[in-house]
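Chemist: quick one: sequence and predicted model below, then my questions.
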Amino acid sequence: MPKMKIDGVEIEVPAGITVLQACELAGVEIPRFCYHERLSIAGNCRMCLVEQEKAPKPIASCAMPVMDNMVIHTNTPLVQKARKGVMEFLLINHPLDCPICDQGGECDLQDQAMGYGFDRSRYHENKRAVPDKELGPLVKTSMNRCIHCTRCIRFATEVAGVEELGATGRGESMEVTTYVEHALSTELAGNLVDLCPVGALTSKPYAFEARSWELSKTESIDVMDALGASIRIDTRGAQVMRVLPRLNEDVNEEWISDKTRHAIDGLRHQRLDRPYVRSGGKLVAATWDEAFGAIARRLKGLDGSKIAAIAGDQCDAESMVALKDLMASLGSVNIDCRQDGAKLEAAVRGGYIFNPGIRGIDSADAILLVGSNPRWESTVLNARLRKRYLAGAGAIASIGPAVDLTYPVERLGAGPTTLRDLAEGKLSFFGKLKAAKHPLIIVGMGALAREDGAAVLALARDLAVAVNAVRDDWNGFAVLHTAAARVGGLDLGLVPGAGGRDTAGILEGCSSREIELVYLLAADEIDMKRLGKAFVIYQGHHGDAGAHRADVILPGAAYTEKPGTYVNTEGRVQLGQRAGFPPGDAREDWAILRALSEQLGNALPYDTLDQVRARLVAVNRSFAALDQQAPGAWANFGKAGLVAEAPFVSPVANFYMTCPISRASKTMADCTASRAQLMAAE
């Protein structure tokens with residue numbers, strides 16, 4: 001390891017890093033605009049200049065690799081003069097927009113101008129003017145402010161995988177543009193705003209809404225997909241103003257999807273804020289006692305075999321364990337958390353989680369996607385797959401829909417027959433998986449949420465065993481979920497008991513009138529027409545499909561309005577925090593179930609959130625290990641049998657609208673329309 005001196009202090013640093021990184025390790029902060037830890041080095045801004053002994057002039061520390069016996073000075077008069085000169089040049093053409101710029105208070109240029117700026121300008125010529133660009137419904141441009149750091153260009157090309165941003169012209173005539181003006185075709189566009197060190201790129205839906213110092217900040221977890229990205233929820237009063245990513249190297253690094261970031265305006269629309277009871281064919285506003293009374297009257301004398309419950313895709317673990325306990329008290333074993341009918345078993349954890357962990361993707365040297373479109377099903381995970389491809393993943397292949405994943409994929413086939421042939425060693429990619437040190441097999445819901453899903457799961461397991469993907473030091477079998485609640489529900493055993501009905505069986509029972517009462521816990525992704533004449537209780541936060549069909553509506557809380565436990569696709573238990581309170585008479589979901597159970601004469605044995613969480617641990621010990629990931633137990637799962645010829649189809653048809661919140665979002669509707677126009681133009 002090279003030894004060097006930084007400001008008179010000798011330090012030993014890893015070989016291959018840059019001088020800027022070495023200075024950071026030594027605790028010396030170096031100003032920068034173009035440099036970013038997750039992007040390639042550009043060396044554009046020259047703000048990071050430092051003095052190196054025996055060098056004829058200051059060096060750009062972001063682009064200079066460390067060398068043995070190097071001596072660096074970061075705060076000499078020469079360095080100060082150089083940085084002030086760079087700042088003066090950057091501000092020559094920068095407009096005086098700070099009072100009306102959305103980046104105000106969070107702007108790197110503002111911060112560094114305080115340290116290196118001058119109190120007046122020596123430039124008296126006209127400032128240049130650059131026309132704004134149209135980048136779609138999410139990113140607002142003010143290109144007069146652009147300092148040509150090229151972070152946005154490098155992010156779009158390297159991380160998002162859409163080579164749509166670039167620079168035209170040279171010198172003062174340089175402009176960042178899409179060449180042919182059109183909306184960005186990436187699901188990660190919102191991250192450009194976080195990366196921009198000035199106010200050139202800002203959030204269009206958030207424009208002129210609030211200042212950063214007005215907001216209360218709450219650390220929480222995203223539930224728009226099963227990745228469980230770490231997020232920060234910023235609120236003003238009771239209203240969620242924006243969602244930003246938090247750094248989590250194990251899960252989302254520092255990125256979030258556009259749906260996570262911008263679907264939050266859906267929290268303001270179509271909300272359920274009071275109980276309703278259907279009377280005379282119409283839903284009528286009611287009190288909690290009236291709603292509970294209507295449910296109690298309908299349940300009176302009803303056998304448990306005629307009662308069923310389905311948990312939705314964004315439920316927290318607390319509400320699901322309360323639902324399970326309530327159904328048990330009513331004598332019902334007809335319960336399911338798999339709205340889409342995925343053929344997953346709750347008994348074997350290794351058969352339904354992403355065993356290698358999200359970070360395990362970084363080690364994989366041969367990757368197979370089975371029935372999955374990760375670009376829409378888990379956008380940030382797909383960016384990690386692209387990162388692995390750029391780092392030199394040996395081979396990536398797919399069995400399923402032919403889609404652009406932003407990285408080259410060898411398409412082996414479309415359906416389960418191809419998977420069967422691969423498991424039997426008939427395809428050449430079998431040899432690549434077999435030869436890999438860390439093979440990774442990712443199975444999506446498009447392969448499992450079908451009639452032959454259990455047989456497909458068994459084939460995928462057989463393939464993992466055949467290519468030695470499951471060993472003591474590596475488990476490369478990974479299930480990619482689309483629902484934030486799915487792994488938590490399976491951990492809690494929200495599957496039919498002995499002789500019970502799954503989601504398909506519940507719907508069939510409703511049609512045949514063998515099921516007379518159904519409890520939908522925020523479950524909106526089923527065919528409501530198949531509920532027939534059953535009495536439907538809907539507990540949720542939006543007036544979506546379930547509420548339209550309901551006979552009784554119990555208003556619950558959205559994920560930003562309650563503390564909740566969620567388990568992501570890799571089996572990591574995470575805590576979401578309350579950023580605001582639910583509207584009107586709406587309440588936390590577990591509390592509603594607890595109050596209902598008392599009205600029914602069999603109160604659930606917990607009164608506080610801590611007691612509910614103790615119940616979670618009692619049901620499954622994995623809930624005691626917060627923010628930890630480990631492979632699940634490995635045993636036989638799936639069910640060998642015949643597979644259909646039908647190709648795998650991704651469960652996500654429209655990335656921007658997959659849940660009640662995103663379907664109520666105007667911003668997501670604008671994104672859907674923009675994507676449709678983009679596809680039509682192509």
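Modeler: Yes, it's here. Residues are numbered from 1 along each chain as shown.

Chemist: in this protein, where is pLDDT below threshold?
Modeler: Scanning the chain with the threshold set as pLDDT under 70 gives 682.

Chemist: how about a cut-off of 80?
Modeler: Along the chain, the parts satisfying pLDDT under 80 run over 393-394, 681-682.

Chemist: got a list of what the closest residue to Gly237 other than its chain neighbours touches?
Modeler: If the residues on either side of it in the chain are set aside, Gly237 comes closest to Gly580, at 7.8 Å by Cβ to Cβ, 6 or more residues apart in numbering. From N, CA and C alone the C-beta is placed, and that goes for glycine too. For Gly580, the residues meeting the contact criterion (Cβ atoms under 8 Å, 6 or more residues apart in numbering) are Thr235, Gly237, Ala238, Gln239, Val240, Thr560, Glu561.

Chemist: what about burial for these, which qualify?
Modeler: Burial by neighbour count, 16 or more other Cβ atoms under 10 Å: within the contacts of Gly580 this picks out Thr235, Val240, Thr560, Glu561.

Chemist: mind putting the residues you listed into JSON lines with secondary structure?
Modeler: Formatted as JSON lines, these follow (DSSP: H, G, I helix; E, B strand; the rest coil):
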{"residue": "Thr235", "secondary structure": "strand"}
{"residue": "Val240", "secondary structure": "strand"}
{"residue": "Thr560", "secondary structure": "helix"}
{"residue": "Glu561", "secondary structure": "helix"}
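
Chemist: can you tell me which of these is nearest Ser212?
Modeler: Thr235 (12.4 Å; Cβ to Cβ).

Chemist: surely that closest one meets Ser216?
Modeler: Yes. Thr235 lies in contact with Ser216 (Cβ atoms under 8 Å); the separation is 5.1 Å.

Chemist: joint contacts of these two?
Modeler: Jointly contacting Thr235 and Ser216 under the rule Cβ under 8 Å, 6+ apart are Ala579.

Chemist: which parts of stretch 216-225 are buried?
Modeler: Thr218, Ser220, Ile221, Asp222, Val223, Met224, Asp225.

Chemist: what do you get for stretch 467-485?
Modeler: So for stretch 467-485, counting by 16+ other Cβ under 10 Å, buried means 467, 469-470, 474-485.

Chemist: OK, contacts around the residue lying closest to Ser257 once chain neighbours are set aside?
Modeler: In this structure, Ser257 finds its nearest non-sequential neighbour in Thr379, 4.0 Å apart by Cβ to Cβ, 6+ apart. Thr379 is in contact with Glu187, Leu188, Asp225, Ser257, Asp258, Lys259, Phe655, counting by Cβ under 8 Å, 6+ apart.

Chemist: let's verify the first one: helix, strand, or coil?
Modeler: In this case it means Glu187. coil.

Chemist: okay, now it: neighbour count?
Modeler: Counted with other Cβ atoms under 10 Å, the neighbours of Glu187 add up to 23.

Chemist: counting neighbours, what do you get for Asn69?
Modeler: By other Cβ under 10 Å, neighbour count at Asn69 equals 10.

Chemist: gap between it and Ile442?
Modeler: For Asn69, the distance to Ile442 equals 47 Å [Cβ to Cβ, to the nearest Å].

Chemist: is it possible to export the buried residues of stretch 216-225 to a markdown table including distance to Glu134 and secondary structure?
Modeler: Formatted as a markdown table, the buried residues of stretch 216-225 follow (distance: Cβ to Cβ, whole Å; DSSP: H, G, I helix; E, B strand; the rest coil):
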| residue | distance to Glu134 | secondary structure |
| --- | --- | --- |
| Thr218 | 33 | strand |
| Ser220 | 32 | strand |
| Ile221 | 33 | strand |
| Asp222 | 28 | coil |
| Val223 | 31 | coil |
| Met224 | 26 | coil |
| Asp225 | 28 | coil |
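
Chemist: now, which of those sits nearest Ala42?
Modeler: Looking across those and measuring by Cβ to Cβ, the closest to Ala42 is Asp222, at 30.2 Å.

Chemist: which residue is the nearest non-sequential neighbour of the closest one?
Modeler: Nearest one to Asp222, counting by Cβ to Cβ, 6+ apart, is Ala229 at 4.2 Å.

Chemist: dump the residue contacts of that neighbour.
Modeler: Each residue near Ala229 by Cβ under 8 Å, 6+ apart is listed here: Ile221, Asp222, Pro245, Asn248, Val251, Asn252, Trp255, Ile256, Ser257, Thr260, Val380.

Chemist: would you state the helices of the stretch 101-250 of the chain in chain order?
Modeler: 108-116, 151-154, 191-195 (DSSP state H, counting those that start in this stretch).

Chemist: could you count how many residues lie near Val403?
Modeler: For Val403, the neighbour count with other Cβ under 10 Å is 15.

Chemist: picking up where we left off before, of the helices of the stretch 101-250 of the chain, which is nearest Val79?
Modeler: helix 108-116 (10.2 Å).

Chemist: just checking, what packs against that closest one?
Modeler: Applying 3 or more Cβ pairs under 8 Å, 6 or more residues apart in numbering; DSSP states H and E, one finds that helix 108-116 makes contact with helix 77-92.
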